[in-house]
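> heads up, no residue letters with this:
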């Protein structure tokens, strides 16, 4: 979560778990990254870039929130979006909702939302995690632009701090305990003074190869 660094996929996954367990009306009605009753938020990582798919079972189209693009940049991305919309529709069906695909169609129309773009090449994950936390999905239908302020690099650095704090302080106690245990297991014991001295020669046998 250091500034100007790429965020590991595991952090995004943890943020999804944290949001799913957030208390309050918003998070009781909307379940992120799982097939929900009303809405699906799906963070996507492809070719070293993150964006967010949003699907409402009451709206027969899929919204794309992309911090680098306000329209599909390539035919490959267009095809990927169609495939993604099909998967999202399947999630709704698995959750017990009716399919919102038109008869004879295998994908939903996709609409890019005109949203402020990232000021660098390394904060797309931060945008996605903050969108999942802040975006009001009811304002996406029927609009092309989402009214939200432009985030600057200092603001994004603050977002990183708040995200990691939210994850650490969340109710995911078992996940946090597992993470701490893993860190303890990987901790390397500080070598003795003799081993740290460049003037004392020592040798060790070769490590086993099996």
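Alright, I've got the coordinates. Keep in mind that this is a model prediction, so the values were computed, not measured.

> got any ranges where the chain has weak pLDDT?
1, 9, 13, 17, 20-38, 94-99, 141-143, 171-210 (pLDDT under 70).

> That one: helices as residue ranges?
Per DSSP state H, the chain carries helices over the ranges 9-20, 25-29, 75-94, 124-134, 153-168, 173-186, 193-196.

> now for the longest one, which elements pack on it?
Using 3 or more C-beta pairs under 8 Å, 6 or more residues apart in numbering; DSSP states H and E as the contact test, the elements touching helix 75-94 are strand 39-46, strand 49-56, strand 62-65, strand 110-112. C-beta coordinates here come from the backbone N, C-alpha and C atoms, glycine included.

> Out of those, the one nearest residue 119 is which?
The stretch from the helices and strands packed on helix 75-94 with the least distance to residue 119 (C-beta to C-beta) is strand 49-56; that distance is 15.0 Å.

> Not counting that closest one itself, show me its contacts.
Strand 49-56 is contacted by residues 12, 38-44, 62-69, 81, 84-85, 88-89, 91-92, 108, 124-125, 127-128, 131-132, 135, 137, 140-141 when judged by C-beta atoms under 8 Å, 6 or more residues apart in numbering.

> What pairs with it, parallel or antiparallel?
Under the criterion DSSP bridges, strand 49-56 sits next to strand 39-46 (antiparallel), strand 62-65 (antiparallel) in its sheet.

> Return the most buried member of the helices and strands packed on helix 75-94.
strand 62-65 (a mean of 24; mean count of other C-beta atoms under 10 Å).

> outside of that one, which residues touch it?
So strand 62-65 is contacted by 51-55, 72, 81, 84-85, 88, 108-113, 115, 127-128, 131, 135, 140, 146 (C-beta under 8 Å, 6+ apart).

> okay, the strands paired with strand 49-56 in JSON lines with distance to residue 8 next?
Output for those, formatted as JSON lines (distance: least, C-beta to C-beta, whole Å):
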{"stretch": "strand 39-46", "distance to residue 8": "11"}
{"stretch": "strand 62-65", "distance to residue 8": "21"}
